[in-house]
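1. Sequence and computational prediction follow.
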There are 2 protein chains.
Amino acid sequence: MLLLMLDSPSQSDLAFLHGLIGEPGPDPDGVPERYLTEPRDRDHGRAATVLRPRNTGEVARIVAACAERGIGVIPWSGGTGLVGGQVSAEGPLKIVLSLERMTRIRSISPDDDAIVAEAGVVLSDLQAAAASVGRLFPLAMASQGSCCIGGNLATNAGGVQVLRYGNARDLCLGVEAVLADGSIHHGLRLLRKDNTGYDLRHLLIGSEGTLGIITAAVLKLFPCPAEVVTAMLAVPSPQAALHLLQAMRARLDGITAFELMAARGPEFLRGVYPDIADPLEGTPDWRVLVEVGGPLGSELQVRAEAALEAAFDAGLATDGVLASSEAQRARMWWMRETIPEANRKVGAISSHDVSVPLSRIAAFIEAGARAVAALDPHLRINCFGHIGDGNLHYNVFPPEGRSKHDYEAIAAAVKAAIHDCVAEEGGSVSAEHGIGRAKTADLMRYGDPAKLATMRAIKTALDPVGILNPGAVLDTGG
Amino acid sequence: MLLLMLDSPSQSDLAFLHGLIGEPGPDPDGVPERYLTEPRDRDHGRAATVLRPRNTGEVARIVAACAERGIGVIPWSGGTGLVGGQVSAEGPLKIVLSLERMTRIRSISPDDDAIVAEAGVVLSDLQAAAASVGRLFPLAMASQGSCCIGGNLATNAGGVQVLRYGNARDLCLGVEAVLADGSIHHGLRLLRKDNTGYDLRHLLIGSEGTLGIITAAVLKLFPCPAEVVTAMLAVPSPQAALHLLQAMRARLDGITAFELMAARGPEFLRGVYPDIADPLEGTPDWRVLVEVGGPLGSELQVRAEAALEAAFDAGLATDGVLASSEAQRARMWWMRETIPEANRKVGAISSHDVSVPLSRIAAFIEAGARAVAALDPHLRINCFGHIGDGNLHYNVFPPEGRSKHDYEAIAAAVKAAIHDCVAEEGGSVSAEHGIGRAKTADLMRYGDPAKLATMRAIKTALDPVGILNPGAVLDTGG
């Protein structure tokens, strides 16, 4: 187990740490709110100060000093994480180490299909940098205007194009990272193959800042799709949606996104945006948003139409619209991407980011509905997400006119019931958001014991003082 | 550092270990040769015995007993590794733990696009199992008739379809593994997304049996390409080959393979097979083998022809043949895949499995030639490989009529010269073969110090007695 020797920093510690980046000391007005909150406003954190280093050397010096003094460090980039990995309320006061000033694109090479970006580069800026040299950086998600690539990698973010391009870890060729003793791992290699020892990159990616602080990364670029087809289709059931995906795959390479939405999504959207123009008539129980991309000359429109025709004939889709303009395409995506905002307006009792094997999705959706109804038949479920990846956002809401606060007493039971259904189907209670601080107990409950023991051994070996994001991932009491 | 407390097993240890799998004791004829040699016959190993457990429980009991008794364990599956990871000649006698009896396909699910296979399944059997349900398992390499998936994962094998489908690690959704204390990590999850803690799978993959023994894995399946186009093209230079790849990518999804061959390859082939029918005339200095796959209706033939037409116009290719039959296709691939055999017949002074950034390939090839010529202008170089991955097999041979044995005195200098060129270009001295025992010194020389320190810390934490493949990857004196 960890030797926890952390302590809140003293005034002289804080002066010293700020001195490392040429500042006299902490902000006299205290730590700005934005470093202490998270998007769903569930957790409120505390911190001794915020340090905003400008380069990797400064990060290394701060971490080395914190290791020496036993001061906890919370890495922070865009602050958009949904599991509280960036917000600590417990234990001794820690420092927030924000990467927000490290926003350089260090290099970009179309010949290598690679870009080297610092941790604080905002995802949409990274996408734009790739586009400026005629390439695609495919990581994409609703928060892309504020999340940063450092956090994307630390949490192995997913998003809406995983089906084709993979999760964040699959898009990364190498990382530069500051380790718990302040040493710097120089791993910014532009290599597609490199079998020289243990894959430290993959260990750091997804470790949520508990094993090292990623300061820069080499990311893969791809050809930009020259043809794109987007469709919204009513499907008879989630199972039919999966069969539709398989049928389309047999005819089309390059299916980029395949997103499921229950009728509840558009219903909630209409609550916030009453004038929404739904491309589909009559609010079908289930719909999918499909996008396919390909190079020039791949005749995607014709081929997609043929694939959809066959799908209609096979009963895998009952209604559908192909976007015939960029505006129509944007409207379809707006519906999908605005669901989280509508959810927040309604206020969920319990939100879940889960995955199950593709073949178990239908069973899970049914079992989840039964489990929720057993607790209270009036609760509402909004189930949507990246069905092609087996990843559902499965959120439970109060009956119409009621507030989530009225249901706080059963929130834990709802969560446990859903997570037990997930475990029953061989799934994961954190598909793309990570463990953070919100799910450490779930990790203990559902995690493989040998894996947990190994994680603890690795954490102790690489961060013996336990300074890196204490209390995240492994509940170390931080 | 490691606490090395290993000892050769006693007769009673051996009787106990064999008893764990229901056998009276070691083979009285000693350890069969095949467990002590490797394909290039460079290293010859020693071992106390071979244990061939039938299931994961038996593997776990053997490892637990070895941990208790301080006995080194060499995991063995197909024995095809090229860096001596499966052959130990130094230190106390170890046991060979062969996975060859663990050959079950535990399950196969087309709906999940996943197959669960035990470590001893031969790669070509795994490919066949996938094909039997209409799916593709894309890992493919010359040794596929004898290498096993356990070893493929332990070494993160590459092969000829990495360009499209990734390395072995990219094809694995989860592993079951026996850890150094004999505990079993149950990680056989059929999930495309799972962000619950450190990625133990990626740590074990590529660790060459030094952190755990992979006993089974969940592997990704893909749609079988219904249309395939294969071409052999003469290119003016390696740089032109890369531009050709980019130009083709702008017009075609699904480029599966893009293999470079210098004229030396066909020349060596003719030495072994004088009647070889070369699809290209006049033995061009450089050629590429290109393969593209796609679903039904993608009209690949027409589109590939158009792409090649444009390539000829742009001067990126000077001659070329599209395979018009499966026999022609097989002949093209035979040329590529038989080069290693021809190389072995000639006998290399030094063989290199290197990678460099794509943009540095041409510079590396020139620098390598200069460095070799500086040592001896009569040496011959055979440079071929997976140029789309930046991965070259760069092998140096004696002048015609001479033997590699005449050049043993300069072999180390040749190796160092090539590896220095690789390092100069930001490359890797082991692209797809791993470190094994042959490259531990290279890892020390070229490895990032912070990464090496982290690797040692992880090894010590997860295998404190140092029983797992001692002396491989990290030179721990085993």
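-> Good, I have the coordinates. Bear in mind that the values here come from a model prediction, so they are computed numbers and not experimental data.
2. helices or strands next to the top helix by length along chain A in the packing?
-> Of all segments of type helix in chain A, defined using DSSP state H, the longest is helix A:326-346. Secondary-structure packing of helix A:326-346 (3 or more Cβ pairs under 8 Å, 6 or more residues apart in numbering or on different chains; DSSP states H and E): strand A:227-235, strand A:255-262, helix A:264-272, strand A:286-294, strand A:380-386, strand A:391-397. C-beta here means a position set from N, CA and C on the backbone, and glycine is covered the same way.
3. Check which helices and strands the first one is in contact with.
-> For strand A:227-235, the elements it packs on are helix A:238-249, strand A:286-294, helix A:300-313, strand A:319-322, helix A:326-346, judged by 3+ Cβ pairs under 8 Å, 6+ apart.
4. ditto for the second one
-> If contacts are counted by 3+ Cβ pairs under 8 Å, 6+ apart, strand A:255-262 sits against helix A:162-165, helix A:238-249, strand A:286-294, helix A:326-346, strand A:380-386.
5. Then the fourth one?
-> If you count contacts as 3+ Cβ pairs under 8 Å, 6+ apart, strand A:286-294 packs onto strand A:227-235, helix A:238-249, strand A:255-262, helix A:300-313, helix A:326-346.
6. quick one: low-confidence ranges for chain A?
-> A:1-4, A:477-478 (pLDDT under 70).
7. Give me the most central residue, it.
-> residue A:157 (3.5 Å; Cα atoms, centre = their mean).
8. Report the separation between that one and residue A:208.
-> In this view, residue A:157 and residue A:208 are 11 Å apart by Cβ to Cβ, to the nearest Å.
9. can you redo the helices and strands packed on strand A:286-294 as TSV with mean neighbour count?
-> Formatted as TSV, the helices and strands packed on strand A:286-294 follow (neighbours: other Cβ atoms under 10 Å in any protein chain shown):
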stretch	mean neighbour count
strand A:227-235	23
helix A:238-249	21
strand A:255-262	24
helix A:300-313	17
helix A:326-346	18
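10. could you dump the ones you listed to JSON lines with distance to residue B:232?
-> JSON lines is the format used below for these (distance: least, Cβ to Cβ, whole Å):
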{"stretch": "strand A:227-235", "distance to residue B:232": "29"}
{"stretch": "helix A:238-249", "distance to residue B:232": "30"}
{"stretch": "strand A:255-262", "distance to residue B:232": "31"}
{"stretch": "helix A:300-313", "distance to residue B:232": "29"}
{"stretch": "helix A:326-346", "distance to residue B:232": "40"}
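11. Tell me which of these approaches residue A:420 most closely.
-> helix A:238-249 (19.6 Å; Cβ to Cβ).
12. is that closest one up against chain B anywhere?
-> Yes - on the criterion Cβ under 8 Å from any Cβ of the partner chain, helix A:238-249 is in touch with chain B at A:242, A:246, A:249.
13. swap in stretch A:176-191?
-> Yes - using Cβ under 8 Å from any Cβ, we find that stretch A:176-191 touches chain B at A:179, A:183, A:184, A:185, A:186, A:187, A:189, A:190, A:191.
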